[in-house]
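Asks: build me a model:
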Amino acid sequence: MRNNESNMRTKKITKAVFPVAGLGTRFLPATKSIPKEIMTLVDRPLIQYAIDEARAAGIKEFIFVTARGKSALEDYFDHAPELESELRKKGKTELLDILKDTNMDSGAIAYVRQNRALGLGHAVWCARRLIGNEPFAVLLPDDVIAADRPCLQQMVEAHAETGGCMVAAMEVAPQRTSSYGILDIGEDGGTIVRAKGLVEKPRPEDAPSNLAIIGRYILTPKVLTNLNRMKQGAGGEIQLTDAIAEEVDTAAGVHGLRFRGHRYDCGSKIGFLQATVAFGLSRPDLGAEFESFLHELMATQKAAQ
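Replies: Got it, this is the predicted structure:
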């Protein structure tokens, strides 16, 4: 076991799973015709932020766990010959360069179907044959993280020292623990903590801490073995948190990384609006004009009260 875990510790993380099978019902009616992951934050869809973060962390193979109605998501990463030809004719080289970031090489992306909505753990399990026997990352596109150094890159660097499983973690208000997987902290090293347990969506009075897991993971293939049992957890779903929790007593264990950056929950309307404002203000080409508009808007509203 120790030799296997040592090998896992030194092996590079080159595969990432993107669970994108959700219906996006919080954003109806928009998601009636387009996948939630294609909704744009300023001028890039949510999935592009996740892909760019994965690329920066050294990911080479991208595994999408999809469902019916996600064909637009697949088309987004394909080449658009007619559009590219038109831009080339008009000499719009800057726009062509932007499009290059959306094109994925043949074979870089694989798609697997989650035919039943049985939870995040089940979605990751659906990708098991493509993952094989090596450590892998999981990114939830709903969680958009603004950071000087991409969150997954921070995790990959920390994981090279710890091995085992690693989750991105942040402090949340105690009354909000019931919305997250929560770490039961065994050893707190500041940036990195070692967990002695993980609890999925505990009531505030039962939560072992307020250190919440957010949508970035580095996992060992043993987690997939744990998921094989299809054990139902909170909400009757197959919880990824439960499968990770089974690894806390292994030699390498489970660690949480207090990442440097700000996470926006773009799976909620308020989080999506907050992210739109924050990312709009941070853009050199938009920030000044957008900030001026917001000041004028707030002044107008105050004057009307």
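Asks: going by C-alpha atoms from here, please, whenever you check contacts or count neighbours.
Replies: Will do.
Asks: burial check on Ala251, number of neighbours?
Replies: 13 (other Cα atoms under 10 Å).
Asks: I misspoke; the intended subject was Asn226.
Replies: 19.
Asks: do the same with the one 3 residues further on
Replies: Look at Arg229: counted by other Cα under 10 Å, it has 10 neighbours.
Asks: state the distance from it to Lys196.
Replies: 22 Å (Cα to Cα, to the nearest Å).
Asks: could you do Asn115 as well?
Replies: In terms of Cα to Cα, Asn115 sits 34 Å off from Lys196.
Asks: same question, Arg260
Replies: Arg260 is 23 Å from Lys196, by Cα to Cα.
Asks: next: Ala56.
Replies: 30 Å.
Asks: who has more neighbours, these two?
Replies: Lys196 (18 against 14).
Asks: after the one helix or strand in the chain whose mean pLDDT sits lowest, which helix or strand is next?
Replies: Least confident helix or strand, the chain: helix 2-10 with a mean of 49, by mean pLDDT, DSSP states H and E. Later in the chain than helix 2-10, the nearest helix or strand by DSSP states H and E is strand 15-19.
Asks: Val65 bridge partners, please.
Replies: Pro19, Val112 (DSSP bridges).
Asks: now stretch 167-175: average pLDDT?
Replies: For stretch 167-175, mean pLDDT rounds to 95.
Asks: show me where this protein has helices.
Replies: 2-10, 46-56, 71-76, 81-89, 93-100, 120-125, 128-131, 151-162, 222-227, 240-245, 269-282, 287-304 (DSSP state H).
Asks: hey, least reliable of these by pLDDT?
Replies: helix 2-10 - the lowest mean pLDDT of the helices of the chain, at a mean of 49.
Asks: for Thr220, grab phi and psi.
Replies: phi -90, psi 160 (degrees, to the nearest 10).
Asks: quick one: contacts for it?
Replies: Residues near Thr220 by Cα atoms under 8 Å, 6 or more residues apart in numbering: Met8, Glu134, Pro135, Phe136, Gly164, Cys165.
Asks: most neighbours among those, please name it.
Replies: Busiest of the contacts of Thr220 [other Cα under 10 Å] is Cys165, holding 28 neighbours.
Asks: surely that residue meets Ala251?
Replies: No: between Cys165 and Ala251 there is no contact under Cα atoms under 8 Å: 10.8 Å.
Asks: okay, and the common contacts of the two?
Replies: Joint contacts of Cys165 and Ala251 (Cα under 8 Å, 6+ apart) do not exist.
Asks: distance of Asn226 relative to Thr191?
Replies: 28 Å.
Asks: show me the beta-bridge partners of Leu139.
Replies: Arg216.
Asks: distance between stretch 161-172 and the chain's centre?
Replies: The chain centre lies 14 Å from the centre of stretch 161-172; the measure is Cα atoms, centre = their mean, to the nearest Å.
Asks: got it, and stretch 264-275?
Replies: For stretch 264-275, the distance to the chain centre is 14 Å (Cα atoms, centre = their mean).
Asks: ok, stretch 201-210 next?
Replies: Counting by Cα atoms, centre = their mean, stretch 201-210 comes out at 23 Å from the chain centroid.
Asks: keeping just the C-alphas, turn that stretch into PDB.
Replies: The C-alpha coordinates for stretch 201-210 follow below in PDB (Å, rounded to 0.1, in the frame of the first residue of the first chain):
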ATOM      1  CA  LYS A 201     -23.900  18.900   4.400                       C
ATOM      2  CA  PRO A 202     -24.000  18.800   8.200                       C
ATOM      3  CA  ARG A 203     -26.400  20.900  10.300                       C
ATOM      4  CA  PRO A 204     -24.500  23.900  11.800                       C
ATOM      5  CA  GLU A 205     -24.800  22.300  15.300                       C
ATOM      6  CA  ASP A 206     -23.300  19.100  14.000                       C
ATOM      7  CA  ALA A 207     -20.500  20.500  11.800                       C
ATOM      8  CA  PRO A 208     -17.000  19.600  12.900                       C
ATOM      9  CA  SER A 209     -15.600  22.900  11.500                       C
ATOM     10  CA  ASN A 210     -16.600  25.600   9.100                       C
END
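Asks: residues in contact with the residue lying closest to Ser178 once chain neighbours are set aside?
Replies: Spatial nearest neighbour of Ser178, excluding adjacent residues (Cα to Cα, 6 or more residues apart in numbering): Lys201 at 4.1 Å. Taking Cα under 8 Å, 6+ apart, we find Lys201 in contact with Thr177, Ser178, Ser179, Tyr180, Gly181, Ile182, Ala234.
Asks: nearest to Asp97 among the residues you listed?
Replies: Closest approach between the contacts of Lys201 and Asp97, by Cα to Cα: Tyr180, at 38.4 Å.
Asks: burial count for Gly140?
Replies: One thing to correct before we go on: residue 140 is Leu, not Gly. With other Cα under 10 Å as criterion, Leu140 counts 20.
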